[in-house]
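Undergrad: With the sequence up front, the predicted model follows.
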Protein chains: 2
Amino acid sequence: MYIQIEPESDIPIYSQVSTQVMEGIIRGELAAGEVLPSVRGLASDLGVNMHTINKSYHDLEAKGVITIVPKSGAVISVAPLKGASKEQTDLLSEKLRPTVVEAMVSGMNDDEIHALVDSIMRNVREMK
Amino acid sequence: MYIQIEPESDIPIYSQVSTQVMEGIIRGELAAGEVLPSVRGLASDLGVNMHTINKSYHDLEAKGVITIVPKSGAVISVAPLKGASKEQTDLLSEKLRPTVVEAMVSGMNDDEIHALVDSIMRNVREMK
DNA sequence: CATTCTGTTCTACTACTATTATAACAAAAC
DNA sequence: GTTTTGTTATAATAGTAGTAGAACAGAATG
């Protein structure tokens, strides 16, 4: 499991970390019950502050992806997630909308937008 | 053309305004050459500060969606946008990735994610 | 021509977010 | 017993979002 960040990106560091942990799970590199590095350890590896990683782990816990065990560490949640609830879907839709709209107004047609989404999903699954 | 905002949303107000202008264009409610309300007028209508609308208009201009004519107003760009450049596509992909990843790890399969994107596109086109 | 309206610039402020640093606690783990 | 863990606390900086008010130059309108 190899996490790296792009400090210059507009996307906050903690969010990048969260996304990469989730990608590791999607690719099967991280399985239920597996332990994530400590907040101190990962922070040191990435050259960022412990609180930044802590924020990412709490973000992931809020999403149900991991479980934080105080004084012990963070583990991948036991149950594979089984699909998004209505609330989650609505939130995801709200997050996606501005970017989808931007793609549409830029002149991309439906197939092109779907292809873009497909390429993201493929890249996530295949990335080493 | 009817713009409204949700002040409580996590999405910044200026971004909401930008998105809605783009949606109006997608739906054909706004056409090339048409004039947008003045920053003062729209700010007053929405109950927000003029600078907030100014930021949105500049955001839209940076995207090539509108042209701001100093001392005159903002107009929808003349040329319909003809598809996204490689740079734009990469930026859009970067923006979409975290949310697509979140959808994937939540257990949504490819078809469900495509359906979500479809529903957004449909909703944008049909909304009054 | 006078007035109004326009985007713009300027100054100032508040609140929040992201990130950083350091110290320390309690308790699990080794 | 020592180390490691997440956590809490305090403090700070920088940037973002949004606000307010004033004022400028020039276009647009009546």
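TA: Cool, got the structure.
Undergrad: Can you tell me the number of residues neighbouring A:V117?
TA: A:V117 has 23 neighbours, counted by other CB atoms under 10 Å in any protein chain shown. Where you see a C-beta, it was placed from the backbone N, CA and C, and this is true even at glycine.
Undergrad: now the strand or helix carrying it: mean pLDDT?
TA: For A:V117, the host element (DSSP states H and E) is helix A:110-126. Helix A:110-126 shows an average pLDDT of 96 in the prediction.
Undergrad: From B:T99, how far off is the residue nearest the centre of chain A?
TA: Centre of chain A computed as the mean C-alpha position; nearest residue by CA atoms, centre = their mean is A:T19, 1.9 Å away. According to CB to CB, to the nearest Å, A:T19 and B:T99 sit 9 Å apart.
Undergrad: cool, and A:A43?
TA: Going from A:A43 to B:T99 by CB to CB gives 25 Å.
Undergrad: Who has more neighbours out of those two?
TA: Neighbour count, other CB under 10 Å: between A:A43 and B:T99, B:T99 has more, with 22 against 19.
Undergrad: ok, now how distant is that one from B:D111?
TA: 17 Å.
Undergrad: and if you look at A:P70?
TA: Counting by CB to CB - A:P70 and B:D111 are separated by 39 Å.
Undergrad: A:A32 too?
TA: Relative to B:D111, and taking CB to CB, A:A32 is found at 24 Å.
Undergrad: of these two, who's got more company?
TA: Shown here are A:A32 and B:D111; by other CB under 10 Å, A:A32 has more neighbours (13 against 8).
Undergrad: In chain A, which helix is the longest?
TA: helix A:86-105 (DSSP state H).
Undergrad: residues touching the spatially closest residue to A:V48 that is not a sequence neighbour, list them.
TA: Leaving aside its chain neighbours, A:V48 sits nearest to A:I13 (5.8 Å; criterion: CB to CB, 6 or more residues apart in numbering or on different chains). Residues near A:I13 by CB atoms under 8 Å, 6 or more residues apart in numbering or on different chains: A:5, A:7, A:46, A:48, A:52, A:56.
Undergrad: my read: A:M1 touches A:R27, true?
TA: No: in terms of CB atoms under 8 Å, A:M1 does not count as a neighbour of A:R27; the distance is 9.4 Å.
Undergrad: Do any residues in the helix or strand encompassing A:S18 lie close to DNA strand D?
TA: Element membership for A:S18 (DSSP H and E) is helix A:13-26. No: if you take CB under 7 Å from any atom of the strand as the test, helix A:13-26 misses DNA strand D, and the best it gets is 12.6 Å.
Undergrad: what's the spacing between the nearest residue to A:P37 once chain neighbours are set aside and DNA strand C?
TA: For A:P37, ignoring the flanking residues on the chain, the nearest one in space by CB to CB, 6+ apart is A:D45 at 7.1 Å. The gap separating A:D45 from DNA strand C is 12 Å, by CB to the nearest atom of the strand, to the nearest Å.
Undergrad: Please apply the same query to A:K55.
TA: From A:K55 to DNA strand C the distance is 6 Å (CB to the nearest atom of the strand).
Undergrad: Please identify the helix or strand for that residue.
TA: Following DSSP H and E, one finds A:K55 within helix A:50-62.
Undergrad: So for that helix, what gets flagged as buried?
TA: A:52-60 (16 or more other CB atoms under 10 Å in any protein chain shown).
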